[in-house]
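Colleague: need coordinates for the following:
(chains A and B)
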Amino acid sequence: DTAVSQTPKYLVTQMGNDKSIKCEQNLGHDTMYWYKQDSKKFLKIMFSYNNKELIINETVPNRFSPKSPDKAHLNLHINSLELGDSAVYFCASSQGPTTSATNEKLFFGSGTQLSVL
Amino acid sequence: AQSVSQHNHHVILSEAASLELGCNYSYGGTVNLFWYVQYPGQHLQLLLKYFSGDPLVKGIKGFEAEFIKSKFSFNLRKPSVQWSDTAEYFCAVTPSGGYQKVTFGTGTKLQVIP
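Modeller: Residues are numbered from 1 along each chain as shown, chains lettered A, B, ... in the order given. All right, here's what the predicted structure looks like:
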């Protein structure tokens, strides 16, 4: 009974294609995130949604578009895939958005390894 | 597949106390190890990492971690904590080489009381 689940786990595709990665959480959390694990294996925040509204949008190419149909889902759509998009993408969720007064614990999905050929 | 265990879920310390957060992993091969930290109001950031070489790794803000291969451990330490160290700490592991997914522990919440 996975708390934060991502699909697919592995995605191999050609340059120029459009692809989506889905994320669902069954924890009843209000906030969801997308992180990118880069080639040095470091994680960087990409987006954060709270209750279906975008609250964090880091410097990410606009080919990346998150979509949150409801607060339990945050999908990542990538247009015109490039070689440099190859990475592992992690979805995460927390009860609420982290603020200066609170520190909401993150729950991670198992990651989606994207390979662009 | 690899896994990571963080045994301490919530740690409460007074300022100036010493800190040690446990992290054990299971994987039969060579690994890369990380500690990430999430401070209140901020997003996840890298505290320190081990790829190879000296198993005692020093990170930012006075933190260090020691990789003990025989114990499959990578415990995080700090000799004297400050109130500003209050945060959530995540241990993570990935097999060495190439594109390998990071696996996270469940996190340890550290609360430092002034």
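Colleague: residue B:84 belongs to a strand?
Modeller: No: counting by DSSP: H, G, I helix; E, B strand; the rest coil, residue B:84 is located in no strand; its state is helix.
Colleague: what residues are bridge-paired with residue 64?
Modeller: Using chain A. Beta bridges link residue A:64 to residue A:78 when assigned by DSSP bridges.
Colleague: wrong one, chain B
Modeller: Residues in beta-bridge contact with residue B:64 (DSSP bridges): residue B:58, residue B:77.
Colleague: what is the neighbour count of the closest residue to residue B:82 other than its chain neighbours?
Modeller: Once flanking residues are discounted, residue B:82 sits nearest to residue B:15: 6.0 Å by C-beta to C-beta, 6 or more residues apart in numbering or on different chains. C-beta: built from backbone N, CA, C; applies to glycine. Neighbourhood size, residue B:15 [other C-beta atoms under 10 Å in any protein chain shown]: 13.
Colleague: isn't residue B:15 right up against residue B:81?
Modeller: Yes: using C-beta atoms under 8 Å, residue B:15 makes contact with residue B:81 at a distance of 6.5 Å.
Colleague: please enumerate the shared neighbours of these two.
Modeller: When contacts are counted by C-beta atoms under 8 Å, 6 or more residues apart in numbering or on different chains, residue B:15 and residue B:81 have residue B:112 as shared neighbours.
Colleague: re earlier: how near is the residue nearest to residue B:82 to residue B:80?
Modeller: When distance is defined by C-beta to C-beta, to the nearest Å, residue B:15 is 8 Å away from residue B:80.
Colleague: same check, this time on residue A:108
Modeller: Applying C-beta to C-beta, the value for residue A:108 to residue B:80 is 30 Å.
Colleague: please say which of those two ends up with more neighbours.
Modeller: Legend: neighbour count by other C-beta under 10 Å for residue A:108 and residue B:80, higher for residue A:108 (24 against 12).
Colleague: how far does stretch A:56-69 sit from the chain's center?
Modeller: Stretch A:56-69 sits 9 Å away from the centroid of its parent chain (C-alpha atoms, centre = their mean, to the nearest Å).
Colleague: for stretch A:45-61, that is, sorry about that
Modeller: Distance of stretch A:45-61 from its chain centroid, counting by C-alpha atoms, centre = their mean, is 9 Å.
Colleague: need the strands for chain A, in chain order.
Modeller: Counting by DSSP state E, chain A has these strands, from start to end: A:4-7, A:10-13, A:19-25, A:31-37, A:43-50, A:53-57, A:64-67, A:75-78, A:87-94, A:107-108, A:112-116.
Colleague: just checking, which helix or strand of chain A averages the lowest pLDDT?
Modeller: Least confident helix or strand of chain A, by mean pLDDT, DSSP states H and E, is strand A:53-57 with a mean of 81.
Colleague: for chain B, which residue is closest to the average position?
Modeller: Using C-alpha atoms, centre = their mean, the residue of chain B that lies closest to the mean C-alpha position is residue B:35, 3.4 Å off.
Colleague: ok, now chain A?
Modeller: The structure's chain A has its C-alpha centroid closest to residue A:34; by C-alpha atoms, centre = their mean the separation is 2.5 Å.
Colleague: partner residues bridging that one?
Modeller: Taking DSSP bridges as the rule, residue A:34 bridges to residue A:47, residue A:91.
Colleague: I'd like the distance between it and residue B:90.
Modeller: Distance from residue A:34 to residue B:90, counting by C-beta to C-beta: 17 Å.
Colleague: where does chain B have low pLDDT?
Modeller: Scanning chain B for pLDDT under 70 picks out the ranges B:97-100.
Colleague: residues in it within reach of chain A, list them.
Modeller: Within chain B, the positions adjacent to chain A are B:32, B:34, B:36, B:38-44, B:46, B:49, B:86-88, B:90, B:94, B:99-104, B:107, B:109 by C-beta under 8 Å from any C-beta of the partner chain.
Colleague: many thanks, have a good one.
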